[in-house]
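Asker: build me a model:
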Amino acid sequence: MQSKPKKYFWQNPIGGIGEFSLEERIFNTMCIFAFFAMLIEAPYNYFAKLDVLAWLCCACMVFIVGLYYLSRIKRKSSLAITLFCIASNLTFIYCYFYNSGILGPNILLFALSFFYIIAIIPKAQYKFWVPVNMLVVLSVLAVEYHWPQLAPELYLNSLLKTIDFAVTYIIAVILIFLSIAYMRKNYEYERLSVEQRNREIEAQKDEILLQKAKLEHLNQEKDRLLSIVAHDVRMPLSSIQGYLEILTTIGLDEEEKQVIKGQLLKITRDSSEMLLNLLSWSKTQLKGSQVTLKAMDVNEALQGWLRVEHAIALRKGIRLRMLTAGQLYVMADHDMLQLVIRNLVSNALKFTPEGGEVVISTRYRDNMGLIIISDNGIGITPEKQERLFQLHASPTYGTNNEKGIGLGLLLCKEFTEKQQGNIWFETEINKGSVFYVSLKLELI
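Answerer: Alright, predicted model coming up:
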C-alpha cells in the first residue's frame, strides 16, 4: 500500500484538519493575518512620523514569524499561544502610553488581541486570561488618569489622528471578519463531520444488528440440525439392529429376507448420505474448504460418479439418462463437484415418482460449461423455493419416504460458488425441476 505524499507547510500553511486541532489552526491563521496587518501598519506609522511604532511593527512581524514557526513547524502550539498572550499584554501597555493613551486607537487593538486570545486558549485558561485582560486595561486607564503626562498625544494634527483611527478600525474589522468566517467554516465542517460519523455509526449499528439476527437464526438452525441428526442417526441404527435381530433369530423365507435387505440398504444409504453432507458442511464451518481448481473432463467424470445413482434409479423404477457428447473441460475441484452433482442427482431421484425420468446433460453456454440435472418429479413449492439454498434444518421426504435434513442444496450452492461458478433452478409443481451448474471453461 503506497503512503500519501508528504505535504510541506507552505502547501497547507494553517495545518491539516485531521492533524491540527481547531485552536491550533485558528492560531496559525491569526499569525498569518497579523503578519500582513503589521506589514501594512509599519509603513503607515513611518509616514505618520510614528517611527517607534513603525519599528515596533517590524519587531512584531519577526516575533509573529517565530510564533508561527513554533506552532506550525515545531508543533509547540501551547508555548506559542502562551508567548502570544504575554506579548500582546506587554505590547498593549507600551503602545498605550507611547501613542496618546486613551486618545489613541490602542484600546481597539487590545480588544482585537483579546478576541484572538479567547479564540485560541483552552477553556480552562479563561479564568486566568480574562481577569488579566480586564486588570491590564483598568490599570493603564487608572495610571493615565493620575499621571496623564505618561501618555502624551503624538498626533501632529487631527487629520493624522482620524486616518490612524480609520486604518486601525478597518484592519480590526477585516481581521475579525476573516477570523469569524474561518471559525464558522470550520464549525460547519466539524458539524458535518460529526453528522457523517453519526450516520456511519448508525449504519454500522444496523449492520451489526442484522448480522446478530442472522447469527442467532443460524445458531437456532444449527441446534435444530444437531437435534435432527441425533434423532436420525439413532433411528436408523435402531432399525438396523432390529432387522439384524430378526434375521438371526427368526426363520424367514428368501423373499422376506430380500425385503429386509432392501430396507437395510435404503436406511444405510440415507444415513450415509446425511452424514456425508453433515461432515462436509461441518468442515466448511470449522476451518473452511481448500479449493483446488484443475481442468477436468466433466463428461468422463460423470460416468464414474453416478454408478450408485444408476442402481438407485433402477430399484425405484426411474429412467436415469445422460446426454453428453465429446469432451467438456471445466475448471473445478474434483471432490467438491462430485458432491454437488451427486446431491443434485440424488434429490432428483428422491422427488421423482416411479416411472419418471431424470436427465443429466452438459453443454457450452457463453464461455461457460453447463451441467443440467432435470426431472419430471413433484417440483418445488413457492414457500420452499425462497429458502432452497439456505440453512433450514427440517426433515424432507421423497416420493418413497426417502429422508433428508435439508442440507444438501446449501452445500451445493457453497461448493459451486467456491469453484467460481453459479447454481440456479427452474421448477413447476407436478411437472418437475431443472437445476443448472455453470463453471468456467479450462484456461487455454
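Asker: going by C-alpha atoms from here, please, whenever you check contacts or count neighbours.
Answerer: Noted.
Asker: ok but residue 330 is inside a helix, no?
Answerer: No: counting by DSSP: H, G, I helix; E, B strand; the rest coil, residue 330 falls outside a helix, being strand.
Asker: for the closest residue to it other than its chain neighbours, phi and psi?
Answerer: Leaving aside its sequence neighbours, residue 330 sits nearest to residue 441 (CA to CA, 6 or more residues apart in numbering; 4.1 Å). Main-chain dihedrals, residue 441, degrees, to the nearest 10: phi -70, psi 160.
Asker: so who does residue 441 touch?
Answerer: Residue 441 is in contact with 329-331, 367-369, counting by CA atoms under 8 Å, 6 or more residues apart in numbering.
Asker: contacting residues around stretch 296-315?
Answerer: Residues outside stretch 296-315 that contact it (CA under 8 Å, 6+ apart) are 319-320, 324-332, 334, 338, 342, 345-346, 349, 362, 442.
Asker: how long is it end to end?
Answerer: One end of stretch 296-315 sits 31 Å from the other (CA to CA, to the nearest Å).
Asker: which neighbouring elements make contact with the helix or strand where residue 130 lies?
Answerer: Assigned by DSSP states H and E, residue 130 belongs to helix 126-146. Judged by 3 or more CA pairs under 8 Å, 6 or more residues apart in numbering; DSSP states H and E, the packing partners of helix 126-146 are helix 77-98, helix 106-120.
Asker: what about the stretch 101-250 of the chain, any weak spots by pLDDT?
Answerer: Along the stretch 101-250 of the chain, the parts satisfying pLDDT under 70 run over 217-218, 220-243, 246-247, 249-250.
Asker: now do residue 376, the pLDDT please.
Answerer: The confidence metric pLDDT takes the value 91 at residue 376.
Asker: roughly how far does it sit from residue 429?
Answerer: To residue 429, residue 376 is 10 Å away according to CA to CA.
Asker: show me which of the two is the more surrounded one.
Answerer: residue 376 (23 against 13; other CA atoms under 10 Å).
Asker: quick check: nearest residue in space to that one, chain neighbours excluded?
Answerer: residue 432 (3.9 Å).
Asker: of the contacts of stretch 296-315, select the buried ones using a PyMOL command.
Answerer: Remark: buried members of the contacts of stretch 296-315, expressed as a PyMOL selection using 16 or more other CA atoms under 10 Å:
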select buried, resi 319+320+324+328+329+330+331+332+334+338+342+345+346+349+362+442
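Asker: please enumerate the strands of the chain.
Answerer: Assignment of strands within the chain using DSSP state E yields the ranges 294-297, 319-323, 329-332, 357-365, 368-375, 396-397, 403-404, 422-428, 432-440.
Asker: least confident of those, on average?
Answerer: strand 403-404 (a mean of 55).
Asker: picking that back up, residues in contact with the helix holding residue 130?
Answerer: Residues from elsewhere that reach helix 126-146, judged by CA under 8 Å, 6+ apart: 89, 93, 96-97, 101-102, 107, 114, 118, 150-151.
Asker: just flag the most distant two among those residues.
Answerer: Based on CA to CA, the longest span within these runs between 118 and 150 and measures 29.6 Å.
Asker: tell me how the protein divides into domains.
Answerer: The chain resolves into domains spanning 20-202, 291-440 when parsed by automatic domain parsing.
Asker: would CSV of these with distance to residue 216 be doable?
Answerer: Formatted as CSV, those follow (distance: least, CA to CA, whole Å):
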stretch, distance to residue 216
domain 20-202, 21
domain 291-440, 12
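Asker: that'll do, ta.
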